[in-house]
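Novice: Here is my input, please return the structure:
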Amino acid sequence: MQWSLFVLILMGQCSFFTCHLYEYHFIREERSWEEAQSYCREHFTDLATVSDMRDLERLTNSSQTTDAWIGLRSIPGTERSWHWSLPGVEFKESETEWETGQPDNEANCVGIKCQQWRDIPCNEYRGFICYNEPNQTYHCKVETKNWLQAQSYCREHHTDLVSGFKQMNSTEFKETMKRVSNLDNEFWIGLFRDTWSWSDGKNFSFRHWEDSFEDVASTSKPCAMTKPNGKWSSDKCKEEKPFYCYDDKVILIKEKKTWDEAVDYCRENHCDLVSITDSHQQRWVQERAKMADTEFVWLGMRYTCTLDLWFWVIDRLVCFNNWAPEEKTRQVQCDMATVMKRDGKWYKKTDNEKFHFFCVK
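Specialist: Presented below is the predicted three-dimensional model:
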């Protein structure tokens, strides 16, 4: 096959390739939350973890007609943690615009007024600001809703509630706020805090509660379940219900090997080195990278001098990347492959260095 034709085929595959790095399984047998957790860990990986709306759509595509446990639980005595509503946006204490004296630890949702934040009870009614990907536009809604209703509206009609310090420091956002701001206007943003955590230890902030959900229920009903309509609620953990498990196909191999040795190992014992084709897969794999003992972990991406391009072992071009800033301008050499650092950023390494690696089964 001519190289030009080969490249065209690869480029044509950028938009159509979809690979699931994990699978959901709906178990109809009714068990308590802890019994369901034990079953999932014995037969699969764990109770279902849900990282974003794409996961939610896959989870609720089953024939579920009743409440079913998922892997979210509120542990008594756990300190509340701040999260952004939009998946993949990390909350950092150093990137905040709190009003003086805020947060006062009295409420779990956040509003913005005159570029200042304050915590507000989630069941109060405010206007709200939605964010749209990929065109990065902002939509201010004067109609008042409680925080969960506002989140639902933004996810249905846009992408999510505005989330992240970077978004709220953008020129577009500030211009949007100038058009609607006065001393009386306060709007919901996508910042909230809770005590809920996932059974498998992943730090995903995605929640999909019913609009009427009260988080105070986490003290008496600390185990989460998905409803037949796809929304979430909670119940007493001893109640018996069907449940969702997930089976993780990404395996961290804690053996130091060169890139070629890692490819051979994965293909002999599993399927292949892992390929990451979008931000959804990136979030999932980088959670696993935190468990590595080496600073870097091999991914299934290599550079070819002949074509002067990067490609995945599944013969796809690199349409999505997560290079560390310094790697974007670093000169590339033959015999280079890609590693992920424990923070999720990608780096270029000569393929004869030895690191842990990810296989896909």
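Novice: now the helices for the stretch 251-361 of the chain?
Specialist: 259-269, 279-289 (DSSP state H, counting those that start in this stretch).
Novice: Then the stretch 101-250 of the chain?
Specialist: 147-157, 165-168, 171-180.
Novice: got a markdown table for those, with distance to residue 73, mean pLDDT and mean neighbour count too?
Specialist: C-beta coordinates here come from the backbone N, C-alpha and C atoms, glycine included. Shown next, in a markdown table, are those (distance: least, CB to CB, whole Å; pLDDT from 0 to 100; neighbours: other CB atoms under 10 Å):
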| stretch | distance to residue 73 | mean pLDDT | mean neighbour count |
| --- | --- | --- | --- |
| helix 147-157 | 19 | 97 | 20 |
| helix 165-168 | 29 | 92 | 17 |
| helix 171-180 | 34 | 86 | 13 |
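Novice: Residue 300 contacts residue 273, correct?
Specialist: Yes: the pair residue 300 / residue 273 is scored as a contact, 3.2 Å apart, by CB atoms under 8 Å.
Novice: which residues do these two both contact?
Specialist: Taking CB atoms under 8 Å, 6 or more residues apart in numbering as the contact rule, residue 300 and residue 273 both touch 263, 266, 313, 358.
Novice: Reformat those residues into CSV and put pLDDT, neighbour count and distance to residue 41 next to each item.
Specialist: Output for those, formatted as CSV (pLDDT from 0 to 100; neighbours: other CB atoms under 10 Å; distance: CB to CB, whole Å):
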residue, pLDDT, neighbour count, distance to residue 41
263, 96, 21, 30
266, 95, 24, 24
313, 91, 21, 30
358, 95, 26, 21
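Novice: returning to that earlier point: for the helices of the stretch 101-250 of the chain, give me JSON lines that also has distance to residue 208.
Specialist: Formatted as JSON lines, the helices of the stretch 101-250 of the chain follow (distance: least, CB to CB, whole Å):
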{"stretch": "helix 147-157", "distance to residue 208": "8"}
{"stretch": "helix 165-168", "distance to residue 208": "21"}
{"stretch": "helix 171-180", "distance to residue 208": "25"}
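Novice: for those helices, which one sits closest to residue 102?
Specialist: helix 165-168 (15.3 Å; CB to CB).
Novice: rewinding a little: what about residue 300 and residue 273, which has more around it?
Specialist: residue 273 (27 against 24; other CB atoms under 10 Å).
Novice: which residues touch the more buried one?
Specialist: By CB under 8 Å, 6+ apart, the neighbours of residue 273 are 262-263, 266, 298-300, 313, 357-360.
Novice: gap between it and residue 255?
Specialist: 13 Å (CB to CB, to the nearest Å).
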